[in-house]
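Asks: the following block contains a protein sequence and its predicted model.
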Amino acid sequence: MNTTQKQIAILGSTGSIGTQALQVIAEHNDRFAARVLTANNQWQLLAKQARQFMPAAVVIANDAHYADLRDALSDLPIAVYAGADALCQVVENKEIDIVLTAMVGFAGLPPTIAAIRAGRQIALANKETMVVAGELINSLCQRYNAPILPVDSEHSAIFQSIMGEVSPIEKIILTASGGPFRTFTTAQLAEVTPAQALRHPNWDMGAKITIDSATMMNKGFEVIEAKWLFSVEPERIEVVVHPQSVVHSAVQFADGAVKAQLGVPDMRVPIQLAFSFPERLASSFQRLDFTAMHSLTFERPDTERFPCLALAYEALRRGGNAPCIVNAANEVVNLAFRQEQCSFMQMADIIGRTLDATPFVAQPTLDDYIATDAEARRLAAEALKAITPSKPQKPHNLQTS
């Protein structure tokens, strides 16, 4: 092992963030090395990545693929593991410097907690970790001296905007592209298809997060994440729709000055910064050409057409396990929409009903979060059975803070 390289564990190496992280490692292989790679189901791609980057270990979360992955790598000195427990155990390796949490959904919470308890630096791309259990995560990070560096482009932009500042944040301006349906009417939204929703105008992301972007639930989750990452109350986090996705987010200070981070829509930039901080490494990534930008526009989000954003604010207002409930219900309906089991507008309705129906816990423990996740998924699945995609119901009507 080259001791001058930072050893990186990538949780979710076959996904959008994971594959781009490996591009960063390949470009700076004198600075970074892939120590551990993991995937859920894509064992063939995981095997291909392992052959290229030669990690010490790989983990396939779905143990049904263990034998295939083991056989595919049998000629290499790479340890092969399987199962959810292995994900938690492998990040505890003392040789690991950084754990990139790029898994999707609630499944990313347990291995992130394991990495924090091992004192590893966290490059956070799994926003659900902070959405579900932000207060717990912050407490564990402080206890185990495990720093978190944000990878989401918006939170990386906020982080970059406050570097070197000693004054408190007056307001966070969290930008949103508005997704593919920004100009659609409510009637048009009722008829959109999964294929349409999966065509994001600016970003190349995985299926789940692309749908969340289309509903603006992704932006709602980022509001919750920002609260915990930067200790800013919800009323001081303003979402602004910025279709060009050039201003990745901004921070306003007490004197009225606003600092923003700009760049082309490329997730490799915040990934690389999370790996190299406090340095900025040279890269071959595309540069922003100001002369090619004819306009940058900004507008308020419409929470009547996109009620998922309001639901996220409402969950944050309620506190406790409410964000966990919203996250679980959203995972259920997001998949259901992709499988054409509900309509686009029905997603928010089911999430709102699940939020109201799931028992509230004001000060949840990790066990409470696990139980809440299971119960909210059960209730959301029951609500799905009671509807048909051809008969959209009235969205849950909430207002943002």
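Replies: Everything's here; your move. Numbers count the residues shown, from 1 in each chain.

Asks: that's a helix at residue 332, yeah?
Replies: Yes: counting by DSSP: H, G, I helix; E, B strand; the rest coil, residue 332 falls inside a helix.

Asks: and the residue lying closest to it once chain neighbours are set aside, what element?
Replies: Take residue 332 and drop its neighbours on the chain: the residue closest to it by Cβ to Cβ, 6 or more residues apart in numbering is residue 380, 4.0 Å away. (Glycine included, C-beta is placed from N, CA and C.) In the assignment (DSSP states H and E), residue 380 maps to helix 366-385.

Asks: buried sites along that helix?
Replies: Burial within helix 366-385, assessed by neighbour count using 16 or more other Cβ atoms under 10 Å, is assigned to 368-373, 375-377, 379-380, 383-384.

Asks: one more: stretch 32-45?
Replies: Result for stretch 32-45 [16+ other Cβ under 10 Å]: buried residues 32-40, 42-43, 45.

Asks: now the buried residues of helix 366-385 in a markdown table, with distance to residue 161 and pLDDT?
Replies: Shown next, in a markdown table, are the buried residues of helix 366-385 (distance: Cβ to Cβ, whole Å; pLDDT from 0 to 100):
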| residue | distance to residue 161 | pLDDT |
| --- | --- | --- |
| 368 | 34 | 96 |
| 369 | 31 | 96 |
| 370 | 35 | 95 |
| 371 | 38 | 97 |
| 372 | 33 | 97 |
| 373 | 33 | 96 |
| 375 | 38 | 98 |
| 376 | 34 | 98 |
| 377 | 36 | 97 |
| 379 | 39 | 98 |
| 380 | 36 | 97 |
| 383 | 40 | 95 |
| 384 | 40 | 93 |
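
Asks: in CSV, list those along with distance to residue 301.
Replies: Shown next, in CSV, are the buried residues of helix 366-385 (distance: Cβ to Cβ, whole Å):
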residue, distance to residue 301
368, 31
369, 28
370, 32
371, 33
372, 27
373, 27
375, 30
376, 25
377, 27
379, 27
380, 24
383, 25
384, 26
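
Asks: out of those, which is nearest to residue 226?
Replies: Distance to residue 226, by Cβ to Cβ, is smallest for residue 369 among the buried residues of helix 366-385, at 19.8 Å.

Asks: which residues touch that closest one?
Replies: By Cβ atoms under 8 Å, 6 or more residues apart in numbering, residue 369 lies in contact with 109, 132-133, 136, 321, 324.

Asks: 10 Å - rerun?
Replies: The contact partners of residue 369, by Cβ atoms under 10 Å, 6 or more residues apart in numbering, come to 106, 109, 132-133, 136, 321, 323-324, 327-328, 361.

Asks: including pLDDT and secondary structure, could those go into a markdown table?
Replies: Formatted as a markdown table, these follow (pLDDT from 0 to 100; DSSP: H, G, I helix; E, B strand; the rest coil):
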| residue | pLDDT | secondary structure |
| --- | --- | --- |
| 106 | 88 | helix |
| 109 | 93 | helix |
| 132 | 94 | helix |
| 133 | 94 | helix |
| 136 | 95 | helix |
| 321 | 97 | coil |
| 323 | 97 | helix |
| 324 | 97 | helix |
| 327 | 96 | helix |
| 328 | 97 | helix |
| 361 | 97 | coil |
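
Asks: what about the buried residues of stretch 32-45, which are in helices?
Replies: Within the buried residues of stretch 32-45, residues falling in helices by DSSP state H are 43, 45.

Asks: ramachandran angles for residue 248?
Replies: phi -80, psi -20 (degrees, to the nearest 10).

Asks: tell me the contacts of the closest residue to it other than its chain neighbours?
Replies: In this structure, residue 248 finds its nearest non-sequential neighbour in residue 157, 3.7 Å apart by Cβ to Cβ, 6+ apart. Shown in contact with residue 157 (Cβ under 10 Å, 6+ apart): 150, 172-175, 247-251, 259-263, 269-270.
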